[in-house]
Structure formats: C-alpha cells, structure tokens
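Peer 1: sequence first, then the predicted structure:
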Amino acid sequence: MKVLKFGGTSLGSEGSIRQVRKIVNSNGFPVTVVVSAIGDTTNELHKLALEAKEGSSHYLNTYESIRKRHEELSNNLCGKVIVELDEVFGKLLRILEGVYLLKELTSRSLDYILGVGELLSSLIIAAFFDSDNSRAKWFDSRSIIKTDASFGEANVLSDLTAKNIRAISKDFKAINVFPGFISGTIDNEFTTLGRGGSDYTASILASGLTADLLEIWTDVDGIMTADPRRVKRSRTLNTVSYEEALELSHFGAKVIYAQSIAPVFSADISVKVKNTFKPDEEGTLIASGNSNGGLIKGISSIDDISIISIRGNDSRDKRNFFPRLFKSLADNHIEIVFMTHSNAEYTVTMGFKSKDAEDALNSLKAEFSSSEDGTVIRPELLEKGYSLLALIGTQMKDQIGISGTMFNVLGKNGISIKAISQGSSERNISAIIPKDDLNKALNVLHESFFLSEMIRLNLFIIGTGNVGKAFLDQLKGQFKYLKEHHHLNVKIIGIANSRKMAFQKDGIPLSKWENHIAEGEMFSKEGFLEKMDNLNFRNAIFIDITASEDISNLYTDILRKSISVVTPNKIAATKSYDNYLELKEVSRKYRSKFLIETNVCAGLPVLSTLSDLIRSGDRVHKLEAVLSGTLNFLFNEYDGSVSFSNVIKKAKELGYTEPDPRLDISGEDVMRKLLILIRESTYKMEMDAIKINSFLPASCLTSSDLDDFYSKVEKEEAYFKSLYHASIKNKSRLKVVASYQDGVGKVALQEVDSSHPFYNLEGKDNVVLFYTDRYNDQPLVIKGAGAGAEVTASGIFADVLRIAQSDN
Ligand code: ADP
Ligand code: ASP
Ligand code: MG
C-alpha cells in the first residue's frame, strides 16, 4: 500500500482538489491519503487566534470568511454542506469566544485553533471521495497519533501510535483519509506536530503501515537544488539520501518537514516528492544509499535568524558552562539552529530562529545571572536581521575547497559572513549572513556550485551616446557567442541616458533598450544608485559611458558595494592622487574591479599590458606616446588645402573627438591620459605637474562656445599653415608627443623625422612605447586605432569580460 500526502498548496481550490482525486484514483487500492489544511488556512487561523486574543472583534469576520470558504467548497465538491462542518465550527467559535473574553491565548488553545484547518479539509475531502462509489473513509488522527502535551510541537509516543495504526488498518476501505498535522494526548487533548507537520503524519502512517512508498505531493517538481521561489534556476534532484533530505529540510527547505524523515528512514520506506500539477514529472526519490559520491546536493536557508553571543569572564566553572547553557535552553524548548564557540576567548555565538530569540535570551539571563558559583556572563548581545544559509552534501570535509569557494564568491559579491560552521555530520557548511543579502547569496552560490558552466553578469549602464550605442550593438551581436563560448549570460538590468532610466530584473531585451528608456522614469543619479542598490544583484557591473564628473563622483560608493566599475570616463582617475589611490584601495578592499582600459588609447590593450608588467615585477623607466587619435588625425589630415578648423569639424563628425573637441585640441585630454599612464606605472603625479606646450595660438585658448572656437581657429589659418610648411621643409611630420622620464611628464607638439618610430603613425592611430627593466633598449610598443566609438566600445567589452573571467 502507498501513503499519499497532499499539502495545502495542492488543495488551494476546487479544481486542485479534483486534480488530487485523479491522482488518488490512478493508484491501486487500498490507499492512505493524508491532507493538509486548504491553501493558506493555517496561517489565517493563526491570525484569527491573535485577533481574538487582542480583543479585536474583527476575529468574527475572519471566522466567517473561513467558514464561508469551506462551506462553499463542500457544496461544490459534495453537493451539500456536510453536517460535520457545523460541529467543528461551533466548537471553534466557543474556544475563540473564550480567548476573546480572557484576552489570553494558551498554547493549548492555539493548537486547537490551528488544527481546525486539517479537520475541515479532511472531512470535506473524505466526503468528496466517498461520493464516488462510497469507497472512502475518514479517520481521526487525534485518536491514532498520540503525543505528549508539548503544545505547538508535540512529541509522538511511537509505540502507542504504531499499535493504534495497526489496529485501525483492519477497518480500511479503498481510500482512507487522514487529517495531517493534528494529534492527541492520552487524555484526548488536541495537539499538533509543528508547522509543516502533515508530512510527519504521513511518514508516521507509512511507517506504521509498512507502506511500499510514501508520496509527498506538493507544488514543485520535487526537492530542488535550492528554493525555486528564491533561485529561479534551481533544478530538481532525481535522488537524495535520507540524511541529505533531513539536512536540507533542517536548514529550511520547506518542501519536506524535517521530522518526517526519521520514521520512514528507520522503516526503510522510500519517499517520492512530486508535483500535483505536473504528475508526469519524475519527482525526487528519497531512499537509502542514494548519495552520489560526495557532491553538493543543495543550498537551504532560514530567513530570519537572530544571534546571541555570550562571553564568560571568569573561567572558574568552565566545566559547567556548556551543560548549564544547553539545559537552560532545552528546558524552555528552544532550539539552537547554529553555534560556534571559541575556547580561548570562552565566547559562544548561537543562532536562533528569530521567533525564539527573546525567549532564548531570557532563559540564558535567568540561568547565568542567578549564578552563585562565580561564573559571570558579560552583557549578552542579541542581534537581529540575519539569515542562515547552508550548503548540503555528503562528506564535505573530503572535498577540498568547498568552504574556500563559498567564502570567495560571497566575498566577491560584498556579502559579509558573520559566522561559519561545518556540521560534525560533514553534511553541511553553514554561514550566517545579513538577511538583506540572502537572495543574492543563494543565487551566487547556486551559480558557482551548480551552474558553474553559466555565469550571469548584471550590467547597469549610464550613457547611450555614440560609444554607448556601439557597446550595446556589440553586446547584441555577441550575446549568443558569449553564452555558447564563454558561458556568460549578460543581462542589462538598468540603463539610462541623461533624461530617462529604465530597469528590469530579468534583463532588458537587447533589441528593445531604446523603447525601455523612452518609456522609463526620469533619470537621477541618486535614483539610479538607489535602484541598483536595492536590487542587490550578484556579479553586478556599473558601466559609465558618459564624460560627466557628477557620475564619476559615484564610483567610490559603488565600488564599496562590491559592484565593479568599467568606464572610458577619465575624470575619476585624473583627480587628485589621493582620490586615485582611494579608488584603488576601495576596489581592493571590497573586491570590486575598477577597470579603465578605455581611458587610454580606446580599445588598445595598453593599461592591461602595463598592469601585467607591473604585477610581474617589471618597472617602467620611460614612456613615450602619441595618445590622441584626434590630434594625430588632425595633423595627418591637414595639408593646408582644407582649413584647420574644417579638419577639426570633420574629426568631430567622424566621432574621433571628445564630445567637446576643445578638450582634445587644448591637449588636456592627452595630459589626462599621460597622467593615468604615469599613475598606473606606480608613480605619484598630479595633473598640474604635467608640462604642456600648447600648439594653439594664444587667441584660441579661450572661447565662449564651440562656434566661437571654430571661428578663432579659422582666423589663425595662416599660423597652422606655417607650422605645416616648416615641417615639410624639415622632412618631418607633426606629432603631439606625451612623455615621462625621471619624474617629468610633458606634452608637446614635435616635428619627428623619418627615423623616429612615430613618423609613420597613420590616421587616428595611437602608439605607446614602454621602456622598462625588461624592455630596455627596444621598447615594448603598442600601436593601433586609438579613437572611435567602435574601438572604445570594444575596450569596454574587454573590461567586462575581464571581470567575468577573474577569480578574485
Ligand atoms: P505543501 O503545502 O505542499 O506542504 P510547502 O509550502 O510546505 O508545500 O513546501 C513547498 C515549498 O517549499 C515550495 O513551494 C518551495 O517554495 C519551498 N522550498 C524550499 N526549499 C525547497 C527546495 N530545496 N526544493 C523544493 N522546494 C523548496
Ligand atoms: N497546515 C499546517 C501548516 O500550514 C501543516 C502542513 O501544512 O503541513 O503548517
Ligand atoms: Mg509543507
């Protein structure tokens, strides 16, 4: 015979109860069926009890609505309101009146009230099943499953219960319906087996009846690698051992109640967890010997944990400390969910479900403050707002690196670990983390332990101008390739321009980002930051594709949240040296990356190469570079036939200049790039220490706007012509050269002759020469296109991939 248990989630409506009947009928008879309360009834009964206790007459409305729902259900399923309901509701109302009048809710009355849900559902379902060929029978679990009088979560009297089950099995019909969750004392008082306890009822019956199989029917496909409500990409486990199932549920996997494992385990009865709404899915088999070689099976969590730390400051009675601690908690029926202790400091940190924390604190205070033997406990500390998460597997201690990986991924995502412990069963490693970070932690751990083949990157982008558009286009073009070849699933979670911003948790479709922005909300940098912060995504990258100082001022805060920053915006890295060091320091401390490859020479791998040199111990002695694609383009293009000011306009149209070309032409942009090169070469330098010989005539150094600038340059055409002709005469070419040596950085227009490596530099190309310990006589040369939206976008892309592929 099989025992089938249907949870509240499978009994939420008339339609689902009809579906349950189909499942029951598809089995052989006789069959035992255990049912929970309908839908969310137990929670509503709890609310009802509290309303009555608080003296709120609203309890009568809640009562009526529960009554009405059950009567309607009975009517629809059985064609009438079955008579038994009247008696149950009548008694419930009398108890509630007592609670209301006395304003007192004992645990005894609460158990009575909560248990009504299962009583009602089982009576209706038994009558419904019976209306089909009179082959169903209802059994009162309260007179069969016997417990002590620990209301709230009673302890089962196993021998007596087993005897009762054997006795009633003689009266079985084809379908035998039992209310789950409820039980009774020897004196026939109403008790319950604890929240979620219907699974336990089913397991006790399966064991007592030596069933062939216990089936737990619920609303998910089985036991999954993580709670699917929190981790969307969790997947169903085909098999788990009893021990693993116990461990998963103990640490919060609600899909099966922890207590329910023991009875079936000792009777060696297998359990199947299946989805009522997808009965053809295989589900999960819990059975012995099902461990698959010590892999991690799943991740569980308990939402609301409070921590109590206590510290003894007199060690005279060390031996008695722990016995007293455990006894005081046990006497008050308080479970310690998590515990670590330090022998040296004599400190114990304990995690409790938050509902138990105040009681735990009080019982510890009572125990230790009345101490007469000299043991004194320093002021106890109760901290709220934590969650516990646990990695569950088998023989975890034999698997090197699990806790290392766990620390690493949590750290990388800015999640601080309050405490960590490895269970002596070697089946779990658990950690206490801030509650707000739980979803992020579960997802990031799930990704690294179960889906290591696919990593999700969550991008937040500000700036959709030329470069921004090119980047988004490249992303769209590469999306599939990244998935297939780099196992990266890149999502844009937030995107903004200077006017609007849009967010979507599951990712903004790459082909529709323009529509999303158009329909988005007003942009504000505070709003963007707040949204990004609240979403609290793992593997998050902030990409600033603006030239805005305001936005660059946000980086330190963003890096502090362990969100990496990628940007072609040079402002942040070229402010004061202290500011630059702070950015580096914050990114090191919070393990977020600050990648600015595109600050120098657009997409050319200049800074990454420099960083590799420095990390491997090389030292830069001298730098020489043409760092402005714009200026190189201007002087290459200019031959006096078209005026210099028109060549500037052309460069702007082609997207080779900064949004304001004066930044290029004044040399300021080159100075910034040189400054970054010097700083990244580990030398201290400030912007105003860089020497510049401007090639612009004095009249062009100030201008009210861009048009004013163009007309001033136009007026100086003769000067530009003379520069050009002088260089031709000297068989040279004009280059704006940036250099650094012996602590001096400078930028100047130079004539270079054909023997110079810069002579042949074409179009908008850039070149950097590094003279280092290793590249002494022959410099390391990096040369190529150094301006343009496409190449800059590809440099941003490369930084994003670098973050995805880094392991620290
Ligand atoms: P029932 O009413 O059937 O007893 P529960 O709500 O008690 O259902 O348990 C099912 C729920 O357990 C699922 O909806 C799911 O959100 C949650 N759950 C938590 N952890 C897991 C897990 N590892 N695998 C499957 N479900 C889980
Ligand atoms: N109905 C009870 C509860 O919600 C028992 C159960 O569903 O298992 O806790
Ligand atoms: Mg349940």
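Peer 2: Nice, thanks for sending it over. Ligands and ions are numbered 1, 2, ... in the order given.
Peer 1: show me what residue of the stretch 151-300 of the chain gets nearest to ligand 2.
Peer 2: When scored by Cβ to the nearest ligand atom, the stretch 151-300 of the chain has residue 198 as its residue closest to ligand 2, at 3.3 Å. To be clear about C-beta, it is placed using only N, CA and C from the backbone, and glycine gets the same treatment.
Peer 1: distance-wise, check the residue of the stretch 401-550 of the chain found nearest ligand 1 relative to residue 103.
Peer 2: Residue nearest to ligand 1 within the stretch 401-550 of the chain: residue 442 (10.0 Å; Cβ to the nearest ligand atom). Shown here: residue 442 relative to residue 103, a distance of 41 Å by Cβ to Cβ, to the nearest Å.
Peer 1: again with residue 700
Peer 2: Counting by Cβ to Cβ, the gap from residue 700 to residue 103 is 86 Å.
Peer 1: in terms of packing, which of the two has more residues around it?
Peer 2: With neighbours defined as other Cβ atoms under 10 Å, residue 700 and residue 103 compare such that residue 700 has more, 24 against 10.
Peer 1: quick check: which element contains the nearest residue to that one once chain neighbours are set aside?
Peer 2: Nearest residue to residue 700 in three dimensions, chain neighbours excluded: residue 712, at 4.8 Å (Cβ to Cβ, 6 or more residues apart in numbering). Assessed by DSSP states H and E, residue 712 sits inside helix 706-715.
Peer 1: pull out the buried residues from that helix.
Peer 2: 709-710, 712-713 (16 or more other Cβ atoms under 10 Å).
Peer 1: closest one to ligand 1 out of these, please.
Peer 2: Nearest to ligand 1 among the buried residues of helix 706-715, with distances taken as Cβ to the nearest ligand atom, is residue 709, at 63.3 Å.
Peer 1: ok, the spatially closest residue to residue 110 that is not a sequence neighbour to residue 90 distance?
Peer 2: Of all residues not flanking residue 110 in the chain, residue 49 sits nearest, at 5.6 Å (Cβ to Cβ, 6+ apart). Going from residue 49 to residue 90 by Cβ to Cβ gives 17 Å.
Peer 1: and the longest strand along the chain, which strands flank it?
Peer 2: Using DSSP state E, we find that the single longest strand of the chain is strand 296-311. Here strand 296-311 has these sheet partners by DSSP bridges: strand 347-353 (antiparallel), strand 381-393 (antiparallel).
Peer 1: please enumerate residues in contact with the shortest one?
Peer 2: Right, strand 347-353. 302, 304-311, 325, 334-341, 360, 386, 388, 419, 432 (Cβ atoms under 8 Å, 6 or more residues apart in numbering).
Peer 1: ok, back up a step: how deep is the residue of the stretch 151-300 of the chain closest to ligand 2 tucked in, by neighbour count?
Peer 2: So residue 198, with other Cβ under 10 Å, has 32 neighbours.
Peer 1: which among the buried residues of helix 706-715 are in contact with ligand 3?
Peer 2: Among the buried residues of helix 706-715, none lies close to ligand 3 by the criterion of Cβ under 5 Å from the ion.
Peer 1: pick the one among these closest to ligand 3.
Peer 2: residue 709 (72.5 Å; Cβ to the ion).
Peer 1: with adjacent residues omitted, what lies nearest to the closest one?
Peer 2: Counting by Cβ to Cβ, 6+ apart, the residue nearest residue 709 is residue 703, at 3.8 Å.
Peer 1: ok, the one you found touching residue 661?
Peer 2: No: between residue 703 and residue 661 there is no contact under Cβ atoms under 8 Å: 11.1 Å.
Peer 1: which element is the residue nearest to residue 391 when sequence neighbours are not counted on?
Peer 2: In space, residue 391 comes closest to residue 429 once its chain neighbours are excluded; the distance is 4.9 Å by Cβ to Cβ, 6+ apart. Residue 429 is part of strand 428-434, with elements assigned from DSSP H and E.
Peer 1: in TSV: the strands paired with strand 296-311, plus mean pLDDT and distance to residue 563.
Peer 2: Putting these into TSV (pLDDT from 0 to 100; distance: least, Cβ to Cβ, whole Å) gives the following:
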stretch	mean pLDDT	distance to residue 563
strand 347-353	88	28
strand 381-393	91	21
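Peer 1: residue 42 - that's part of a helix, no?
Peer 2: Yes: going by DSSP: H, G, I helix; E, B strand; the rest coil, the assignment for residue 42 places it inside a helix.
Peer 1: residue contacts, it?
Peer 2: Neighbours of residue 42 in contact, by Cβ under 8 Å, 6+ apart: 8, 36, 114, 117, 181, 195.
Peer 1: and the third one, what pLDDT?
Peer 2: Residue 114 carries a pLDDT score of 98 in this model.
Peer 1: what of the fifth one?
Peer 2: At residue 181 the predicted local distance difference test score is 98.
Peer 1: I figured it hits residue 202, correct?
Peer 2: No: taking Cβ under 8 Å as the contact criterion, residue 181 and residue 202 are not neighbours in contact, 10.1 Å apart.
Peer 1: residue 309 and ligand 3, how far apart?
Peer 2: For residue 309, the distance to ligand 3 (Cβ to the ion, to the nearest Å) stands at 33 Å.
Peer 1: that residue touches residue 381, doesn't it?
Peer 2: Yes: with contact defined as Cβ under 8 Å, residue 309 reaches residue 381; the gap is 4.8 Å.
Peer 1: the closest residue to residue 694 other than its chain neighbours and ligand 2, how far apart?
Peer 2: Once flanking residues are discounted, residue 694 sits nearest to residue 667: 5.7 Å by Cβ to Cβ, 6+ apart. Per Cβ to the nearest ligand atom, to the nearest Å, residue 667 is found 72 Å from ligand 2.
Peer 1: could I get the helix ranked longest in the chain in CSV with only the CA atoms?
Peer 2: Taking DSSP state H as the criterion, the chain has its longest helix at helix 107-130. Extracted C-alpha coordinates of helix 107-130, given in CSV (Å, rounded to 0.1, in the frame of the first residue of the first chain):
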residue,chain,number,x,y,z
SER,A,107,-0.5,27.2,23.6
ARG,A,108,-3.2,24.6,24.3
SER,A,109,-6.0,26.7,22.7
LEU,A,110,-3.7,27.8,19.9
ASP,A,111,-3.1,24.1,18.9
TYR,A,112,-6.8,23.5,19.0
ILE,A,113,-7.5,26.5,16.7
LEU,A,114,-4.7,25.8,14.2
GLY,A,115,-5.7,22.1,13.9
VAL,A,116,-9.2,23.0,12.7
GLY,A,117,-7.8,23.5,9.2
GLU,A,118,-6.9,19.9,8.7
LEU,A,119,-10.0,18.7,10.4
LEU,A,120,-12.2,20.7,7.9
SER,A,121,-10.2,19.8,4.8
SER,A,122,-10.0,16.1,5.6
LEU,A,123,-13.8,15.9,6.3
ILE,A,124,-14.6,17.6,3.1
ILE,A,125,-12.2,15.6,1.0
ALA,A,126,-13.2,12.2,2.6
ALA,A,127,-16.9,13.1,1.8
PHE,A,128,-16.0,14.1,-1.8
PHE,A,129,-14.0,10.9,-2.4
ASP,A,130,-16.8,8.8,-0.8
